[in-house]
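> A predicted structure for the sequence below; I have some questions about it.
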Amino acid sequence: MDIVDLARQAGMTVVLDARIGREEYRTVHGSVAALERFAELVAASLECESAREN
């Protein structure tokens with residue numbers, strides 16, 4: 001699951017704040033509605049992963 005991609009799909013803005021070595025630091029901005037969509041996408045993604053394992 002690519003959590004950053006899910007945030008973008010939900011309508012949130014993802015900003016790269018810094019890159020130190022191999023580590024990236026990002027900030028995510030969005031509305032409460034976008035946060036709700038993000039939570040729904042995460043839940044659906046987890047259900048898909050669980051179904052694939054069974």
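Looks like it came in fine.

> in this protein, which spans are strands?
13-20, 23-29 (DSSP state E).

> okay if I get these as CSV plus mean neighbour count, mean pLDDT and distance to Ala39?
C-beta: built from backbone N, CA, C; applies to glycine. Shown next, in CSV, are the strands of the chain (neighbours: other CB atoms under 10 Å; pLDDT from 0 to 100; distance: least, CB to CB, whole Å):
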stretch, mean neighbour count, mean pLDDT, distance to Ala39
strand 13-20, 10, 98, 16
strand 23-29, 11, 97, 13
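
> let's have the ones you listed in a markdown table, adding distance to Leu6.
Written out in a markdown table, the entries for these read as follows (distance: least, CB to CB, whole Å):
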| stretch | distance to Leu6 |
| --- | --- |
| strand 13-20 | 10 |
| strand 23-29 | 10 |
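
> do I have it right that Leu16 meets Glu23?
No: with contacts counted by CB atoms under 8 Å, Leu16 stays clear of Glu23, the gap being 11.4 Å.

> I'd assumed Leu6 was in contact with Ser45.
Yes: counting by CB under 8 Å, Ser45 does reach Leu6; the two are 6.6 Å apart.
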